[in-house]
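Enquirer: make a model of this:
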Amino acid sequence: MVPLLYAICRANPGSKLQWFISESSEPNVALFRMVSWAFGPAIKAFSYYRPVIGIDGTHLSGRYKGKLLTACGYDADGHVVPLAFALVHEECNETWANFMKFVRTNVVGSRKVCVISDRHASILRVFKEPDLGWNVDAGEALHRYCSRHVVANFQDKFGKSLVPMVRAIFRQNQPYKFNKAFERLDNKNHEACEWLMSVGSDDPQAPNLEIWSRAHDDGHRWGIMTTNGPESLNNVFREARLLPVTALVEVTFYKSVKFFAERRKEAEKAIQSNLLNAPEVAQLLEKRRLKANNHKVKSFREQQKYEVLTPRRQDDGKKKGGRKHIVYIDRPGGVCTYVKPQLTGLPCSHILAVCGKAGVDSNQFVYGFYSAHTLLQTWTPEFNGFGNPDEWPRHNGPELEDTCCNMYANLKTC
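Expert: Numbers count the residues shown, from 1 in each chain. Below is the predicted model of the structure:
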């Protein structure tokens with residue numbers, strides 16, 4: 001594993017690698033604790049996508065018992081971009097702190113980023129530590145919970161019957177709809193409502209709604225509510241978890257190569273098709289334009305303020321629509337009382353309706369992170385092969401104790 005990682009880093013400029021070892025009683029031998037790595041092309045791609053990452057850990061299920069930690073970002077179309085990896089013996093305070101400091105120092109840099117994760121105690125600790133670069137109180141980062149994990153925790157405590165009501169709360173973009181959905185849950189089960197209000201807060205009188213609620217997020221999630229990204233990466237590496245650790249590292253490299261090669265082709269095709277925005281974003285906006293055709297727009301032109309009335313409709317037997325929304329097109333990104341544009345950086349059907357009425361280019365309200373050009377820039381960096389084992393650089397440091405046979409023997413505990 002040691003020569004392989006050095007070979008990959010040498011062949012791919014900008015790649016980062018950090019070993020964590022302990023001293024051994026034997027001369028010229030070190031005890032392996034963990035290793036973190038990130039490939040140069042993935043690091044370079046980070047500057048082109050939204051300032052939000054997902055993190056997760058997964059078990060290695062083969063002979064080598066341990067965990068693979070992953071961090072990922074999201075391209076213009078919401079596809080996962082593998083960012084960084086770590087091979088550890090267990091998820092604990094030490095391993096998560098080391099990995100996240102590695103990500104901050106070598107991948108993210110000084111950029112303020114929102115991190116989405118589950119509620120593992122060691123992950124929560126990262127955002128309170130003063131010297132890792134992720135302290136929320138110091139304004140170094142933002143932290144949000146994966147909604148799916150919170151719902152799963154809720155189900156464990158209160159059963160399945162209330163889960164649809166909780167999911168409805170998570171779905172809301174508008175605070176008034178959030179409050180109505182919350183009131184329905186409170187009327188059904190007050191204890192369940194109190195539990196949800198306590199998530200992410202040590203003070204029941206000061207709920208931390210922004211850490212789990214879409215309606216109170218202020219757009220820092222960019223619409224991403226779950227850790228499905230890093231978990232989907234872990235599914236990609238599912239078979240690799242049975243392999244020896246050297247082969248596992250190799251798989252993280254070749255899967256990343258495949259991601260970049262395939263998605264680069266898709267991005268090039270989008271540019272050749274003269275798309276302004278990433279393909280899936282373009283499809284979404286087209287659906288919203290069709291919906292906008294049925295809206296009625298009233299102008300308050302002197303204020304660049306518009307009132308948009310949506311048509312009434314039946315949806316699953318429920319009456320929907322028939323509501324008025326206020327749109328301001330003189331504000332950055334466009335502002336709508338529907339709120340979704342402020343949460344995602346993409347115009348809603350109400351803003352698109354106003355653009356059609358006012359003869360305004362709607363693409364000015366699409367954040368640059370979603371453009372076809374940005375998509376291409378994300379996947380443009382190329383990987384290089386690392387050659388044959390007899391061509392790899394020699395490792396001149398101490399031998400890692402049992403790296404190939406039982407890399408988790410005699411490990412320092414967290």
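Enquirer: now the biggest helix by length in the chain: buried residues?
Expert: When the chain is parsed with DSSP state H, its longest helix is helix 245-272. Across helix 245-272, burial judged by 16 or more other CB atoms under 10 Å covers 245-246, 248-253, 256-257, 259-260, 263-264, 266-267, 270. For the C-beta atoms, the positions are set from N, CA and C on the backbone; glycine is no exception.
Enquirer: cool, stretch 129-145 as well?
Expert: Within stretch 129-145, the residues scored as buried using 16+ other CB under 10 Å are 132, 133, 134, 135, 140, 141, 142, 143, 144, 145.
Enquirer: contacting residues for the residue nearest to residue 264 when sequence neighbours are not counted?
Expert: Nearest residue to residue 264 in three dimensions, chain neighbours excluded: residue 379, at 4.1 Å (CB to CB, 6 or more residues apart in numbering). Listed by CB atoms under 8 Å, 6 or more residues apart in numbering, the contact set of residue 379 reads 45, 75, 259, 260, 263, 264, 266, 267.
Enquirer: now distance to residue 205 and pLDDT too, for the residues you listed, in JSON lines please.
Expert: Listed next are those as JSON lines, based on distance: CB to CB, whole Å; pLDDT from 0 to 100:
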{"residue": "45", "distance to residue 205": "43", "pLDDT": "96"}
{"residue": "75", "distance to residue 205": "41", "pLDDT": "96"}
{"residue": "259", "distance to residue 205": "46", "pLDDT": "93"}
{"residue": "260", "distance to residue 205": "49", "pLDDT": "96"}
{"residue": "263", "distance to residue 205": "47", "pLDDT": "96"}
{"residue": "264", "distance to residue 205": "51", "pLDDT": "97"}
{"residue": "266", "distance to residue 205": "50", "pLDDT": "97"}
{"residue": "267", "distance to residue 205": "49", "pLDDT": "98"}
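Enquirer: residue 383: which of those is nearest?
Expert: Of all the contacts of residue 379, residue 260 has the smallest distance to residue 383: 6.5 Å, by CB to CB.
Enquirer: which residues does the closest one contact?
Expert: Residue 260 touches 41, 379, 381, 382, 383, counting by CB under 8 Å, 6+ apart.
Enquirer: just the strands from the protein, written as ranges.
Expert: Per DSSP state E, the chain carries strands over the ranges 16-23, 29-38, 52-60, 66-74, 80-88, 113-117, 141-145, 296-300, 305-309, 313-315, 318-320, 324-328, 335-336, 399-400.
Enquirer: lowest average confidence across those, which one?
Expert: Comparing mean pLDDT across the strands of the chain, the weakest is strand 399-400, with a mean of 50.
Enquirer: domain assignment for the protein?
Expert: 2-146+226-265+390-400, 279-370 (automatic domain parsing).
Enquirer: tell me which of those sits nearest to residue 208.
Expert: Residue 208 sits nearest to domain 2-146+226-265+390-400 of all the domains of the chain, at 9.5 Å, using CB to CB.
Enquirer: how far is the closest one from where the chain is centred?
Expert: With CA atoms, centre = their mean, to the nearest Å as the basis, domain 2-146+226-265+390-400 stands 14 Å off its chain's centre.
Enquirer: stretch 206-214 now?
Expert: Taking the mean of its C-alpha atoms, stretch 206-214 sits 18 Å from the chain's own mean (CA atoms, centre = their mean).
Enquirer: distance check, residue 384 against residue 293.
Expert: For residue 384, the distance to residue 293 equals 50 Å [CB to CB, to the nearest Å].
Enquirer: so those two - more neighbours on which side?
Expert: residue 384 (14 against 10; other CB atoms under 10 Å).
Enquirer: so who does that one touch?
Expert: 11, 12.
Enquirer: hmm, back to that, out of the contacts of residue 379, which comes closest to residue 329?
Expert: residue 75 (27.6 Å).
Enquirer: surely that closest one meets residue 375?
Expert: Yes - here residue 75 reaches residue 375: they are 5.9 Å apart, a contact under CB atoms under 8 Å.
Enquirer: where does the protein have low pLDDT?
Expert: 24-25, 27-30, 62, 237-243, 301-302, 316-317, 393, 395-414 (pLDDT under 70).
Enquirer: what segments of it are helices?
Expert: 2-11, 40-45, 93-103, 121-126, 147-158, 163-171, 175-188, 190-198, 228-236, 245-272, 279-292, 340-344, 349-358, 372-379.
Enquirer: could I get the ones you listed as TSV with distance to residue 112?
Expert: Formatted as TSV, the helices of the chain follow (distance: least, CB to CB, whole Å):
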stretch	distance to residue 112
helix 2-11	27
helix 40-45	17
helix 93-103	14
helix 121-126	15
helix 147-158	22
helix 163-171	24
helix 175-188	24
helix 190-198	27
helix 228-236	19
helix 245-272	25
helix 279-292	24
helix 340-344	17
helix 349-358	26
helix 372-379	19
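Enquirer: between those, which one is closest to residue 207.
Expert: Residue 207 lies closest to helix 190-198 among the helices of the chain, at 4.5 Å (CB to CB).
Enquirer: and the closest one, which residues are buried?
Expert: Neighbour count says helix 190-198 has 192, 193, 196, 197 buried, by 16+ other CB under 10 Å.
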